[in-house]
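Colleague: after the sequence you'll find the predicted model.
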Amino acid sequence: MDCDRPPVTVVDGYVPLIDLSSRDSARGRAAIADAIGGACEDSGFFIIVNHRVPADLVDRMYTATYGFFTLPDDKKDLVANRPGVSGFRRMGGTTARSIGRESPPDLCEAFSAHTTGELGDEERRRLGDQWATWTLANIWPEEPADFKPVWQEYMAVIGELSADLMRLFALALGLAEDFFEDKFDHHGSSVTVNYYPPQLEPPLPGQLRRGPHTDFGGLTVLYQEDERGGLQVLQGGTRWRDVPAIPGTFVVNIGDLMALWTGGRWVSTMHRVVNPARGDTSSRLTIPFFYMPNHDAPIEPMRPFRETRAIDRYDTVTAGQWMSRKIQKLFATDA
Ligand SMILES: O=C(O)CCC(=O)C(=O)O
Ligand SMILES: [Fe+2]
């Protein structure tokens, strides 16, 4: 790309499309960082194109994951999440509870694995003493046969992309590019896939595919199935905007910890996934990679932002405590 051309294309005025192709040159990085900074102050959401994640890897990840979710339930239950392991959940939780709202459970199945999930028991025990998903061992299905290697490859590649996005975030905030490196050098990120099954029955009142929430961590890189939208992001506290599903792109949004670190200058925006129109019985699969900082990273606003407005920290001190509190609410079986 010509670095003099702005790297942003406005798709809908709220969630811009940012072209990452010039990210090898200092000039290109500065222009991209500028576009990212604008988006993160406004909506906290943007879409990336020319991200260099091989299309073939995304295809293999989609195919293996879709293959798993469309197995019979008894096969999926072989790798059901249980104490000490991640894995399959028939119900993806009640996401609205993470923001203190009550609703029927989300119409969603989920499968999770963590970047720390392959460590030995002893090493995982050292990742904090609170209940935490990133201390869970991964559990893998035998079918489809390539599920585990494809997920591992995908997590490594999107982890690298996320680390570079954090370097661009640092530039956007006027910080040294490596500013966030020591906050993510033993990160416990996860892929928690959402499979939204065909809706053969009408949803209950107030029931969504995923209820309103903000993401908890540093940033999220989301693959959404082409042309089957549903993701909406809140604008101005009242207006839900559709996030376009554009083939070959990822949606990136920042999580609560970026908002906390920047003293609220960047926004972690509420989003949700709405149901398809009645009679539309298509399923939808999305693959979010949640880039979570080290569990022991502090969460007070970073030095340049200490004087900006205070935000609710739930009196938590570390990133791990914050994320653990949020995740527990989401999966609580009673409020
Ligand atoms: O499925 C989607 O489009 C988004 C899901 C989401 O917001 C999440 O998993 O945090
Ligand atoms: Fe989300």
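Modeller: Cool, got the structure. Ligands and ions are numbered 1, 2, ... in the order given.
Colleague: list the buried ones in stretch 160-170?
Modeller: 161-162, 165-170 (16 or more other Cβ atoms under 10 Å). (Glycine included, C-beta is placed from N, CA and C.)
Colleague: I meant stretch 292-311, not that one.
Modeller: Buried, per 16+ other Cβ under 10 Å, within stretch 292-311: 292-295, 297, 299, 301-302, 305.
Colleague: and stretch 171-186, by the same measure?
Modeller: For stretch 171-186, the neighbour count (16+ other Cβ under 10 Å) marks 171-173, 179-180, 183-184, 186 as buried.
Colleague: between the two ends of that stretch, what distance do you get?
Modeller: 22 Å (Cα to Cα, to the nearest Å).
Colleague: repeat that for stretch 270-284.
Modeller: Where stretch 270-284 begins and where it ends lie 20 Å apart, using Cα to Cα.
Colleague: cool, and stretch 135-144?
Modeller: End-to-end distance for stretch 135-144, by Cα to Cα: 25 Å.
Colleague: returning to what we had before: which two in the buried residues of stretch 292-311 are spaced the farthest apart?
Modeller: Across the buried residues of stretch 292-311, the longest distance by Cβ to Cβ is 22.0 Å; it joins 295 and 305.
Colleague: just the element for the spatially most central residue of the chain, please.
Modeller: For the chain, residue 220 is the residue whose C-alpha lies nearest the centre (Cα atoms, centre = their mean; 3.1 Å). Using DSSP states H and E, residue 220 falls within strand 219-224.
Colleague: which residues are contacting that strand?
Modeller: 58, 61-62, 158, 161-162, 165-166, 169, 231, 243, 245, 250-255, 258, 284, 286-291 (Cβ atoms under 8 Å, 6 or more residues apart in numbering).
Colleague: what about the closest residue to residue 146 other than its chain neighbours, which SS state?
Modeller: Of all residues beyond its chain neighbours, the one nearest residue 146 is residue 64 (5.5 Å), with distances taken as Cβ to Cβ, 6 or more residues apart in numbering. Secondary structure, DSSP: H, G, I helix; E, B strand; the rest coil: residue 64 is helix.
Colleague: all strands of this structure, in order?
Modeller: Here the chain has its strands, by DSSP state E, at 8-9, 17-19, 45-49, 87-89, 109-114, 190-196, 210-213, 219-224, 231-235, 239-242, 250-254, 271-273, 284-291.
Colleague: just checking: which of the contacts of strand 219-224 also lie near ligand 1?
Modeller: On the criterion Cβ under 6 Å from any ligand atom, 231, 286, 288 are the entries of the contacts of strand 219-224 that sit beside ligand 1.
Colleague: taking the stretch 1-150 of the chain, what residue is nearest to ligand 1?
Modeller: Using Cβ to the nearest ligand atom, the closest approach of the stretch 1-150 of the chain to ligand 1 is made by residue 95 at 7.2 Å.
Colleague: quickly note the distance from that residue to residue 328.
Modeller: Distance, residue 95 to residue 328, by Cβ to Cβ, to the nearest Å: 13 Å.
Colleague: repeat that for residue 213.
Modeller: 14 Å.
Colleague: neighbour count for these two, which is higher?
Modeller: Between residue 213 and residue 328, residue 213 has the larger neighbour count (other Cβ atoms under 10 Å), namely 24 against 15.
Colleague: tell me the buried residues in stretch 226-244?
Modeller: Neighbour counts using 16+ other Cβ under 10 Å place 228-235, 241, 243-244 of stretch 226-244 among the buried residues.
Colleague: possible to save the residues you listed as JSON lines with distance to residue 152?
Modeller: Shown next, in JSON lines, are the buried residues of stretch 226-244 (distance: Cβ to Cβ, whole Å):
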{"residue": "228", "distance to residue 152": "26"}
{"residue": "229", "distance to residue 152": "29"}
{"residue": "230", "distance to residue 152": "28"}
{"residue": "231", "distance to residue 152": "26"}
{"residue": "232", "distance to residue 152": "32"}
{"residue": "233", "distance to residue 152": "30"}
{"residue": "234", "distance to residue 152": "34"}
{"residue": "235", "distance to residue 152": "37"}
{"residue": "241", "distance to residue 152": "35"}
{"residue": "243", "distance to residue 152": "28"}
{"residue": "244", "distance to residue 152": "30"}
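Colleague: let me know the closest of those to ligand 1.
Modeller: residue 231 (3.6 Å).
Colleague: ok, back up a step: test my guess that the residue of the stretch 1-150 of the chain closest to ligand 1 contacts residue 213.
Modeller: Yes. Between residue 95 and residue 213 there is a contact under Cβ atoms under 8 Å: 4.5 Å.
Colleague: any weak-confidence spans in the stretch 1-150 of the chain?
Modeller: Within the stretch 1-150 of the chain, the stretches with pLDDT under 70 are 1-6, 11-12.
Colleague: tell me where it has helices.
Modeller: With DSSP state H, counting those that start in this stretch, the ranges of helices along the stretch 1-150 of the chain come out as 26-42, 55-69, 73-76, 121-125, 147-172.
Colleague: report the two of the buried residues of stretch 171-186 separated the most.
Modeller: Farthest-apart pair in the buried residues of stretch 171-186 is 172 and 186; separation 24.3 Å (Cβ to Cβ).
Colleague: enumerate the residues of this protein near ligand 1.
Modeller: Taking Cβ under 6 Å from any ligand atom as the contact definition, the chain meets ligand 1 at 194, 210, 215, 222, 224, 231, 271, 273, 286, 288.
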